[in-house]
Every structure is written in C-alpha cells, then in structure tokens.
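Novice: structure of the sequence below:
(one chain, ligands or ions: 1)
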Amino acid sequence: MAFMRLDKFLSDQGVASRKELKAIIRHGRVSVDGITVIKPETKIDSDVNRICVDGDLISYSKYRYFMLDKPCGILTATEDKKQKTVLELLSPEMRRMNLFPVGRLDKDTSGLLLLTNDGDFAHRVISPKFSVKKRYYAEVDGELTEEDEKAFKNGIELRDGLKCRPAELIRLGGKRCEVVLTEGKYHQVRRMLASVGKPVTLLRRLSIGTLELDKNLSEGEYRELNEKDLCKVFSAD
Ligand code: URA
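Specialist: Have a look, this model is predicted:
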C-alpha cells in the first residue's frame with residue numbers, strides 16, 4: 001500500500017470519524033511501531049508499520065464484508081427520507097465504511113443480506129453470469145404440487161411474459177417450500193410462486209452460494225465474514 005495519512009487510515013478502518021481521530025491522535029492514544037504519534041497527518045504505510053489505538057493493533061483491509069440477518073419492515077437501501085434502511089441497523093463505526101447491500105431483499109423479506117464496500121464482489125454475487133445460487137424459505141397460500149416443481153424446473157414464465165431460468169422448488173410439505181435461484185429479477189420468488197397460483201405469505205433468504213445465514217445471529221444482527229465464508233459465497237457445493 002502507498003503511504004497515507006494516519007487519520008485517513010484509521011477512519012477507513014472504521015475506528016472513528018476523521019474529526020474524532022484528530023483528537024484521539026492528539027491525546028497520544030495512537031502508536032506507530034510502538035512510538036506514540038500525535039500528528040494526525042503523519043504518513044504511514046500499513047504494509048510495514050504496526051498501528052495501535054489504545055494498544056490494540058489495527059490491521060489494514062481495504063474491503064470489508066458482513067452478513068446481516070435482515071428483519072422484515074426494513075428497506076434494502078443506503079438511505080431513504082421516510083423509511084428505515086438496513087444501514088441504520090449498523091454501528092457508527094460500520095456506517096463510516098461506505099458499505100452497501102449486495103443486491104436487495106424486499107421490505108417484507110427477511111434473512112441473509114451481504115454488505116460490502118467492494119463493488120467487484122457485489123457484481124459477481126448479483127450478476128446472473130456467475131450463477132451464484134440464492135436459497136429461500138417460503139410459505140405460500142395453497143398446497144404446493146409436483147406440477148409446480150416441474151414448472152420451476154422448466155423455467156417459469158412470469159405474468160408479464162418474462163421468462164425465468166430453470167429453478168429448484170423443493171416442497172417441504174403443505175404450504176412450505178424452498179426455492180433456489182441463480183438470478184435475481186425484481187420480486188422474483190414472489191412472482192414465480194404467484195404465477196403458479198401460490199401467493200407468498202412469508203419469505204426468508206437462507207443462503208448465498210454455500211454460505212448459510214449464521215444461526216447465532218438474531219434478526220437485525222450482523223457479523224463480519226472471514227476468508228472461508230467468502231469462498232463459500234462462490235462455491236456450488
Ligand atoms: N425474491 C423476492 O420475491 N423477494 C426477495 O426479497 C428476494 C427474492
């Protein structure tokens with residue numbers, strides 16, 4: 001990494017705002033290679049220097065990745081004048097990281113939503129070209145049948161004539177099912193199930209690739225992804 005200002009480096013890592021960091025640094029709480037530094041404009045190289053705040057090592061990562069268990073009733077957007085967005089569920093530190101949602105879940109859909117500041121990563125997850133599987137749990141009004149399963153396998157034609165890729169409909173008994181897609185058209189699961197006459201009453205995303213929503217998270221909670229998690233996003237089995 002090229003040299004950069006100490007206060008910029010720390011704000012990029014979500015430690016605090018640039019303004020707060022100026023005070024933190026001036027109060028002698030930051031050290032570079034074990035030596036206290038009091039000038040926010042000090043140039044550092046994070047590949048070489050060890051930067052600590054209050055004794056805690058701050059390691060550099062340009063891109064950050066999180067999973068959120070999105071609750072129903074929240075918009076998948078970075079900002080909205082009237083309604084609460086997923087970014088408002090995050091801590092102040094995370095809100096400084098320029099994160100954005102990877103694709104979208106409808107306001108009334110809950111479950112696995114990825115957040116990142118890495119545009120290429122988001123593109124690879126969303127683009128149908130990469131065929132990343134997204135698995136949903138759904139409950140519907142009506143009994144799901146073998147014919148519905150076949151229709152999904154053959155590629156559903158939506159009511160507006162739009163043709164969907166072949167998809168998996170896994171019947172779990174009665175009104176419950178899982179749906180696996182490799183594309184993400186607007187309201188796709190709801191529209192596919194509506195087109196076989198089974199309106200969705202509940203929808204929750206369970207996984208992306210082989211990365212499952214962490215069962216230790218409650219709705220509205222999130223955690224950072226590690227290398228293993230990131231590999232799972234692009235793995236098929
Ligand atoms: N399909 C839908 O209909 N809604 C979502 O939020 C995601 C997939």
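Novice: for the ligand, see how far away L57 is.
Specialist: Going from L57 to the ligand by C-beta to the nearest ligand atom, to the nearest Å gives 39 Å. All C-beta spots, glycine's among them, are computed from the backbone N, C-alpha and C.
Novice: oh sorry, the question was meant for P40
Specialist: Here the criterion is C-beta to the nearest ligand atom. By it, P40 lies 43 Å from the ligand.
Novice: pLDDT wise, what is the nearest residue to that residue once chain neighbours are set aside at?
Specialist: Once flanking residues are discounted, P40 sits nearest to D7: 3.8 Å by C-beta to C-beta, 6 or more residues apart in numbering. Among the per-residue scores, D7 holds a pLDDT of 95.
Novice: return the set of residues that bridge with K163.
Specialist: Beta-bridge partners for K163, by DSSP bridges, are E157.
Novice: dump the residue contacts of it.
Specialist: G155, I156, E157 (C-beta atoms under 8 Å, 6 or more residues apart in numbering).
Novice: what about it, distance to the ligand?
Specialist: Applying C-beta to the nearest ligand atom, the value for K163 to the ligand is 16 Å.
Novice: in ChimeraX, select just the buried ones from the contacts of K163.
Specialist: Per 16 or more other C-beta atoms under 10 Å, the buried members of the contacts of K163 correspond to this ChimeraX selection:
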select :156
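Novice: a markdown table for the contacts of K163, including pLDDT and distance to the ligand?
Specialist: Output for those, formatted as a markdown table (pLDDT from 0 to 100; distance: C-beta to the nearest ligand atom, whole Å):
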| residue | pLDDT | distance to the ligand |
| --- | --- | --- |
| G155 | 96 | 16 |
| I156 | 96 | 12 |
| E157 | 94 | 16 |
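Novice: number of residues surrounding the residue nearest to P40?
Specialist: 24 (other C-beta atoms under 10 Å).
Novice: isn't it up against K43?
Specialist: No. With contact defined as C-beta atoms under 8 Å, D7 does not count as touching K43 (10.9 Å).
Novice: how about the residues of the protein near the ligand?
Specialist: L105, D106, T109, H187, Q188, V189, R190, L203 (C-beta under 6 Å from any ligand atom).
Novice: where does R104 fall, secondary structure wise?
Specialist: Assigned by DSSP states H and E, R104 belongs to no helix or strand.
Novice: and the pLDDT at A2?
Specialist: 69.
Novice: contacting residues around stretch 107-114?
Specialist: 65-76, 83, 86, 101-103, 105, 122, 125, 136-137, 203-208, 211-213, 219, 225, 233.
Novice: go through that stretch and flag the buried ones.
Specialist: Under 16+ other C-beta under 10 Å, the buried positions of stretch 107-114 are T109, S110, G111, L112, L113, L114.
Novice: among those residues, name the ones in strands.
Specialist: Using DSSP state E, the members of these that fall within strands are S110, G111, L112, L113, L114.
Novice: can you name the residues bridging to the last one?
Specialist: The partner list for L114 in beta bridges (DSSP bridges) reads M67.
Novice: tell me what the lowest-mean-pLDDT helix or strand in the chain is packed against?
Specialist: The weakest-scoring helix or strand in the chain, judged by mean pLDDT, DSSP states H and E, is helix 92-95 (a mean of 86). Helix 92-95 sits against no helix or strand, with contacts defined as 3 or more C-beta pairs under 8 Å, 6 or more residues apart in numbering; DSSP states H and E.
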